[in-house]
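In: what follows is a protein structure lacking sequence information:
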């Protein structure tokens, strides 16, 4: 609360529910600055879908990213972050875009994978995780997958 309050004490004293801009939040909480999913975190955790955060929004984010967060809750939030087109499915297209976000470092595209490699990775992931025949991963499938990955809770984590 102290760190959030320090963004602009006058605004919070006037309105406890004040919603700070993404820039204000990122400037105060550096762990978000270089996160490849920064835009998604703000979209998913902004309770008014305005890309701005109230203190409660930041608490939701911190709770989801906390190591003590129950796996099922953490997986549900992660699913929303990774469902890049907001269609309630993680498709091959989403997986390819996730790979882009994880391999692209600024203007340096040397680690960037070509379209065919990304498509092959997405195909393998979808084939290996085929729990139904939809061709994509739904929330319940995603939760099952994450429960089978011991490192998930410790990797979908950050500390403010």
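Out: Noted; the coordinates are in hand. Remember, it's a predicted structure, so these values are computed and weren't measured experimentally. Numbers count the residues shown, from 1 in each chain.
In: let me see the ranges of the helices in this structure.
Out: 2-5, 9-14, 22-28, 38-45, 55-65, 71-82, 92-103, 115-128, 139-147, 152-155 (DSSP state H).
In: can I get these in TSV including mean pLDDT and mean neighbour count?
Out: Backbone N, C-alpha and C define where each C-beta goes, glycine included. Compiled in TSV, the helices of the chain are given as follows (pLDDT from 0 to 100; neighbours: other C-beta atoms under 10 Å):
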stretch	mean pLDDT	mean neighbour count
helix 2-5	92	12
helix 9-14	95	11
helix 22-28	96	16
helix 38-45	96	18
helix 55-65	95	17
helix 71-82	97	18
helix 92-103	94	17
helix 115-128	93	13
helix 139-147	94	16
helix 152-155	89	13
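In: distance check, the residue sitting nearest the centre point of the chain against residue 6.
Out: The chain has residue 81 as the residue nearest its centroid, 3.6 Å off, counting by C-alpha atoms, centre = their mean. The gap separating residue 81 from residue 6 is 27 Å, by C-beta to C-beta, to the nearest Å.
In: can you list the domains in the chain?
Out: 1-65, 70-159 (the TED database).
In: the last one spans what distance, first to last residue?
Out: Across its full length, domain 70-159 reaches 16 Å between end residues, using C-alpha to C-alpha, to the nearest Å.
In: kindly report the same for stretch 12-32.
Out: For stretch 12-32, the first-to-last residue distance is 21 Å (C-alpha to C-alpha).
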